[in-house]
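A.B. asks: would you be able to build a 3D model of this:
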Amino acid sequence: MAADWTAIRLAYVNGGMSMRQLAERFDVKAAGLMKRAAKEGWEAERQQNSAKVSNAAQLLINEERPNELAAFNQGDLQISKALRSMVAKQITSAQQESGARLSATDLRALASAAEVAQRMGRLALGANTENVGHAGIAGQPIEVTNIPVEAYLQARAKVVDAY
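C.D. replies: From the prediction side, this is the model:
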């Protein structure tokens, strides 16, 4: 019975088996399979196919990342706002109680919580978390620490269109 070289080639190009494993599976001599594969360029075809699959998979993964990042950042922003609100309530409550004063330990804890809330909020908005004393240029973000979703999507669209 003649070997089905098309099936063998497709199994090699699209699979992960070695040539020896394929020879065993398809009941052909390994040396003959290797000779034919070298002559017909199966290895290069396998590498091209693998690269295409990897690129397609990466595009699918990258498609969801901006949405996930936006949702994650929105959650962080909400937590940041809630934390700031809690700090403000604690301070206001202490001020309103007659004669009540916050201890140095309480003040340090509230200041630390406020700082964490500020950093979380700024990071969620894509702004620098350090105090850089820079208000930014109108219409542009202040020292962005990550790529804005819109810019990422535009760049990705250009890359996809190039294919």
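A.B. asks: quick check: which ranges of the chain have low pLDDT?
C.D. replies: Residues of the chain meeting the criterion pLDDT under 70: 98-100, 129-163.
A.B. asks: please parse it into its domains.
C.D. replies: The chain breaks down into these structural domains: 5-40, 64-130+144-162 (assignment by automatic domain parsing).
A.B. asks: which stretch among the ones you listed comes nearest N55?
C.D. replies: Comparison of these against N55 by CB to CB identifies domain 64-130+144-162 as nearest, at 9.8 Å. Any C-beta I mention is one placed from the backbone N, CA and C, and that applies to glycine too.
A.B. asks: any idea how far that closest one is from the chain center?
C.D. replies: In terms of CA atoms, centre = their mean, to the nearest Å, the centre of domain 64-130+144-162 is found 20 Å from the chain centre.
A.B. asks: confirm for me that R36 is in contact with T6.
C.D. replies: No. Using CB atoms under 8 Å, R36 is not in contact with T6, being 11.5 Å away.
A.B. asks: coming back round to it: please name whichever of the domains of the chain is nearest to N49.
C.D. replies: Using CB to CB, the nearest of those to N49 is domain 5-40, at 5.4 Å.
A.B. asks: R36 and T6: which has the busier surroundings?
C.D. replies: Each of R36 and T6 has its neighbours counted (other CB atoms under 10 Å); R36 has more, 16 against 8.
A.B. asks: the nearest residue to that one once chain neighbours are set aside and Q95, how far apart?
C.D. replies: With CB to CB, 6 or more residues apart in numbering as the criterion, R36 has its nearest non-adjacent residue at 6.7 Å, and that residue is W5. W5 sits 85 Å away from Q95, going by CB to CB, to the nearest Å.
A.B. asks: quick one, which of these two is more surrounded?
C.D. replies: Using other CB under 10 Å, the more surrounded residue of W5 and Q95 is W5, with 15 against 10.
A.B. asks: which of the helices or strands spans the residue nearest the centre of the chain?
C.D. replies: The chain has R65 as the residue nearest its centroid, 5.0 Å off, counting by CA atoms, centre = their mean. Counting by DSSP states H and E, the element that carries R65 is helix 42-96.
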